[in-house]
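Chemist: Below is the structure, and that's it, no one-letter string:
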């Protein structure tokens with residue numbers, strides 16, 4: 001019944017035909033005559049770009065020498081039953097057609113799998129089963145084929161005025177430079193030297209997201225799961241990290257139970273061996289978490305990007321670090337878009353960038369393709385002067401959310417014992433905010449001296 005309804009509307013409703021015909025495969029039809037009829041309709045649509053008339057299809061069937069007289073007669077009788085139908089909802093019919101395509105695709109995939117298992121398919125083996133099933137499960141109607149600038153003005157204006165859902169920071173200036181937090185489908189990178197605070201920054205943010213009721217996935221390839229959890233414990237339980245292991249079990253349980261009562265969010269920490277996992281592994285992990293724990297993350301942290309692997313490229317004689325790191329960044333951003341979450345990761349500075357008090361994009365280690373791919377990139381800078389004041393400076397390097405020249409540099413407080421970051425008084429920003437040389441600070445004086453030395457060496461050359 002549904003097969004004939006679909007064929008009827010493919011011939012009589014051109015709007016419906018244009019929506020669904022590109023997604024229907026001939027093998028979806030169980031009835032062989034209906035399959036032949038769809039072939040004729042689809043060929044006509046592709047060749048003449050209009051829905052065929054009943055007469056045109058009958059003539060095409062008559063010219064098909066592969067059909068028997070019985071097949072021709074039965075198909076013509078089916079066409080004779082067709083009539084224009086203006087009462088059936090186009091949206092309802094499109095939805096039912098999509099469901100039918102999905103069911104038929106899965107059914108056919110299962111039958112193909114049985115043939116492979118039984119050895120009836122000599123061209124494919126059992127290793128092809130996951131790919132066959134995944135393609136069948138991915139069948140869907142994607143009606144969006146582009147934004148019409150002059151016709152889609154209502155949708156565009158709604159997008160402009162719509163309040164975008166973001167993952168906020170608990171740091172005022174980070175919210176300012178991102179216009180309220182990190183949006184979905186983005187890759188955000190923290191640049192810093194060894195020991196400056198990349199993991200501390202991500203652990204603090206993960207802890208804040210959890211207390212906000214978000215589901216957080218923290219993937220670590222640098223430290224053990226327990227070490228990351230220890231840092232987050234120090235942050236959330238307000239206990240110096242050196243004392244976390246000394247907490248008596250009853251007190252520790254009491255603090256955790258209070259935390260559990262405050263937030264509906266979950267935090268999952270997953271460890272992979274260094275340089276052994278990439279987006280393929282992360283995608284599998286996300287599927288497993290959804291299936292086994294009903295866990296879908298709102299944000300993902302990856303500690304850190306440079307020690308991930310690429311699913312497309314393998315490091316070797318023909319793949320340099322620039323290409324490899326760029327590929328990893330592109331794959332991570334693709335995962336963010338696919339799962340509609342923000343991804344936060346980190347990267348190391350170069351050797352010269354480690355001692356640079358004003359790092360730039362050129363100080364990104366291994367690949368300049370990373371900043372080219374990221375949506376937000378910022379550097380963490382620590383100096384002796386800042387360390388004495390329990391502060392760390394953040395410098396914007398790239399920002400697709402806001403003007404990167406506004407609040408280009410600012411400082412935040414850092415409590416390394418409790419693995420925490422916090423806002424400092426506005427007076428601490430004097431000479432830092434938007435000041436290219438930060439003239440009023442000792443740090444700024446040193447920056448001036450470093451800049452002068454750079455220019456002097458250029459002229460000496």
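Modeler: Good, I have the coordinates. Note that the structure is a prediction, hence the values are computed from the model and not measured.
Chemist: Please, where are all the helices along the stretch 151-300 of the chain?
Modeler: 153-161, 172-178, 198-211, 225-237, 241-244, 249-262, 279-293 (DSSP state H, counting those that start in this stretch).
Chemist: Which strands or helices does the third one pack on?
Modeler: Other helices and strands packing on helix 198-211, by 3 or more C-beta pairs under 8 Å, 6 or more residues apart in numbering; DSSP states H and E, are strand 186-192, strand 216-220, helix 225-237, strand 299-303, strand 342-348, strand 420-422. All C-beta atoms are positioned from the backbone trio N, CA, C, and that covers glycine.
Chemist: Buried residues in that helix, which are they?
Modeler: 198-210 (16 or more other C-beta atoms under 10 Å).
Chemist: Repeat that for the fourth one.
Modeler: Neighbour counts over helix 225-237 (16+ other C-beta under 10 Å) mark 227, 228, 229, 230, 231, 232, 233, 234, 235, 236, 237 as buried.
Chemist: wait, the fourth one sits on residue 244?
Modeler: Yes - contact criterion C-beta atoms under 8 Å: residue 230 and residue 244 qualify, at 5.5 Å.
Chemist: on that earlier part again, flag whichever of the helices of the stretch 151-300 of the chain has the least confidence on average.
Modeler: Among these, helix 153-161 has the lowest mean pLDDT, at a mean of 84.
Chemist: Summarise which helices and strands that helix is packed against.
Modeler: Using 3+ C-beta pairs under 8 Å, 6+ apart: helix 153-161 touches no other helix or strand.
Chemist: What pLDDT is listed against the residue nearest the centre of the chain?
Modeler: Nearest residue to the geometric centre of the chain (C-alpha atoms, centre = their mean): residue 336, 0.7 Å. Per-residue confidence at residue 336 stands at 96 (pLDDT).
Chemist: isn't it right up against residue 188?
Modeler: No - contact between residue 336 and residue 188 fails when scored by C-beta under 8 Å: they sit 9.0 Å apart.
Chemist: For the stretch 301-450 of the chain, give me the ranges with low pLDDT.
Modeler: Within the stretch 301-450 of the chain, the stretches with pLDDT under 70 are 315-317, 351-356, 431-450.
Chemist: One more pass at 50, please.
Modeler: 435-444, 447 (pLDDT under 50).
Chemist: what's the answer for the stretch 51-200 of the chain, then?
Modeler: In the stretch 51-200 of the chain (pLDDT under 50), no residue qualifies.
Chemist: Could I get the full set of strands for it?
Modeler: Secondary structure of the stretch 51-200 of the chain by DSSP state E, counting those that start in this stretch: the strands cover 166-167, 182-183, 186-192.
Chemist: so what strands line up beside the last one?
Modeler: In the sheet containing strand 186-192, the strands it pairs with under DSSP bridges are strand 342-348 (parallel), strand 376-381 (parallel).
Chemist: how about these in JSON lines, adding mean neighbour count and distance to residue 156?
Modeler: Output for the strands paired with strand 186-192, formatted as JSON lines (neighbours: other C-beta atoms under 10 Å; distance: least, C-beta to C-beta, whole Å):
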{"stretch": "strand 342-348", "mean neighbour count": "25", "distance to residue 156": "23"}
{"stretch": "strand 376-381", "mean neighbour count": "24", "distance to residue 156": "24"}
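Chemist: what would these look like in a markdown table with distance to residue 85?
Modeler: Converted to a markdown table, the strands paired with strand 186-192 look like this (distance: least, C-beta to C-beta, whole Å):
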| stretch | distance to residue 85 |
| --- | --- |
| strand 342-348 | 46 |
| strand 376-381 | 52 |
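Chemist: how about those strands, which one is nearest residue 34?
Modeler: Of all those, strand 342-348 sits nearest to residue 34, with 45.8 Å by C-beta to C-beta.
Chemist: Tell me which other helices or strands the longest helix along the chain touches.
Modeler: In the chain, taking DSSP state H as the definition, the longest helix is helix 90-117. Secondary-structure packing of helix 90-117 (3+ C-beta pairs under 8 Å, 6+ apart): helix 2-12, helix 14-20, helix 129-137.
Chemist: Now find how far off-centre it is within its chain.
Modeler: For helix 90-117, the distance from its own C-alpha centre to the chain's C-alpha centre is 27 Å (C-alpha atoms, centre = their mean, to the nearest Å).
Chemist: What of stretch 265-278?
Modeler: With C-alpha atoms, centre = their mean, you get 16 Å for stretch 265-278.
Chemist: buried residues in it?
Modeler: So for stretch 265-278, counting by 16+ other C-beta under 10 Å, buried means 266, 267, 268, 269, 270, 271, 272, 277, 278.
Chemist: Which of those residues fall in strands?
Modeler: 267, 268, 269, 270, 271 (DSSP state E).
Chemist: contacting residues for the first one?
Modeler: So the one you mean is residue 267. When contacts are counted by C-beta atoms under 8 Å, 6 or more residues apart in numbering, residue 267 is found next to 206, 210, 215, 216, 218, 232.
Chemist: Identify the farthest-apart pair in those residues.
Modeler: Once C-beta to C-beta is applied, these give 215 and 232 as the farthest pair, at 14.4 Å.
Chemist: picking that back up, any shared contact partners between residue 336 and residue 188?
Modeler: 342, 343.
Chemist: what separates residue 188 from residue 125, distance-wise?
Modeler: 42 Å (C-beta to C-beta, to the nearest Å).
Chemist: Which of these two has more residues huddled nearby?
Modeler: Higher neighbour count among residue 188 and residue 125: residue 188, with 26 against 11, using other C-beta atoms under 10 Å.
Chemist: what's near enough to touch that one?
Modeler: 182, 342, 343, 344, 345, 374, 375, 376, 377.
Chemist: Can you tell me how far it is from residue 325?
Modeler: Taking C-beta to C-beta, one finds residue 188 at 16 Å from residue 325.
Chemist: what's the nearest residue to residue 319 if we skip its chain neighbours?
Modeler: residue 313 (5.0 Å; C-beta to C-beta, 6 or more residues apart in numbering).
Chemist: hang on, that neighbour in a helix?
Modeler: No - counting by DSSP: H, G, I helix; E, B strand; the rest coil, residue 313 falls outside a helix, being coil.
Chemist: give the contact list for it.
Modeler: With C-beta under 8 Å, 6+ apart, residue 313 has these contacts: 319, 323, 324, 327.
Chemist: Kindly report the same for residue 41.
Modeler: Residue 41 neighbours (C-beta under 8 Å, 6+ apart): 7, 10, 11, 17, 21, 51, 52, 57.
Chemist: how about a markdown table for these, with distance to residue 397 and neighbour count added?
Modeler: Converted to a markdown table, those look like this (distance: C-beta to C-beta, whole Å; neighbours: other C-beta atoms under 10 Å):
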| residue | distance to residue 397 | neighbour count |
| --- | --- | --- |
| 7 | 57 | 23 |
| 10 | 53 | 25 |
| 11 | 58 | 23 |
| 17 | 50 | 22 |
| 21 | 48 | 17 |
| 51 | 54 | 21 |
| 52 | 58 | 22 |
| 57 | 61 | 22 |
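Chemist: Would you reformat these as TSV and include distance to residue 193?
Modeler: Formatted as TSV, the contacts of residue 41 follow (distance: C-beta to C-beta, whole Å):
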residue	distance to residue 193
7	66
10	63
11	68
17	60
21	57
51	65
52	68
57	71
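Chemist: Looking at the residues you listed, which two lie furthest apart in space?
Modeler: Applying C-beta to C-beta across the contacts of residue 41, the maximum distance is between 21 and 57, 14.0 Å.
Chemist: Okay then, goodbye and thanks.
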